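*Asks:* Turn this into a model:
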Amino acid sequence: MTTKDILDPAAFAALKQAAEQGLLPSLKGHHVAFTGTMSMTRDDMFALVTAMGGFPSPSVAKYTAYLVAADPQGTSTKCQTARRYGIPIMDEETFISRLMQGNL
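*Replies:* As a prediction, this is how the structure comes out:
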């Protein structure tokens, strides 16, 4: 499933439901931050992370597990902070793909 597939409201609802039922890998205890404009709304990304047991975060800190960025090579403050702390930065499609594969 690609990000475009998830953008379909029915597909996103099914993904969120699967996460809530524990059918997807868990993000339990992991903080995930987002930066930039993405295909999915920020609310949808936050809901997905929450459904998977993670904590959506408005900022990057030492405890942040992942930063999902519209431009992973960008120079935003969040990207710079993530690089300084050695936090993995990935784009939206990579994040969704890795979630689905249980590779986070």
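*Asks:* Go through this structure and flag its longest helix.
*Replies:* In the chain, assigned by DSSP state H, the helix with the most residues is helix 9-20.
*Asks:* In that helix, which residues are buried?
*Replies:* 12, 15-16, 19 (16 or more other C-beta atoms under 10 Å). Every residue, glycine included, has its C-beta placed from N, CA and C.
*Asks:* residues making contact with stretch 34-53?
*Replies:* Contact with stretch 34-53 is made by 3-4, 6-7, 12, 15-16, 19-20, 24-30, 32, 55-56, 67-71, 74, 76, 78-79, 92, 99, as judged by C-beta atoms under 8 Å, 6 or more residues apart in numbering.
*Asks:* all strands for the chain, in order.
*Replies:* Secondary structure of the chain, counting by DSSP state E: strands at 31-35, 55-57, 64-69, 89-90.
*Asks:* For these, give me CSV that also has mean pLDDT.
*Replies:* What follows is the strands of the chain, written out as CSV (pLDDT from 0 to 100):
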stretch, mean pLDDT
strand 31-35, 96
strand 55-57, 95
strand 64-69, 96
strand 89-90, 96
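*Asks:* Redo those as CSV? Include distance to L48 and mean neighbour count.
*Replies:* As requested, the strands of the chain are exported to CSV (distance: least, C-beta to C-beta, whole Å; neighbours: other C-beta atoms under 10 Å):
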stretch, distance to L48, mean neighbour count
strand 31-35, 9, 22
strand 55-57, 9, 18
strand 64-69, 10, 22
strand 89-90, 14, 18
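*Asks:* Can you convert the ones you listed into CSV and add a column each for distance to F46?
*Replies:* Putting the strands of the chain into CSV (distance: least, C-beta to C-beta, whole Å) gives the following:
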stretch, distance to F46
strand 31-35, 8
strand 55-57, 4
strand 64-69, 11
strand 89-90, 17
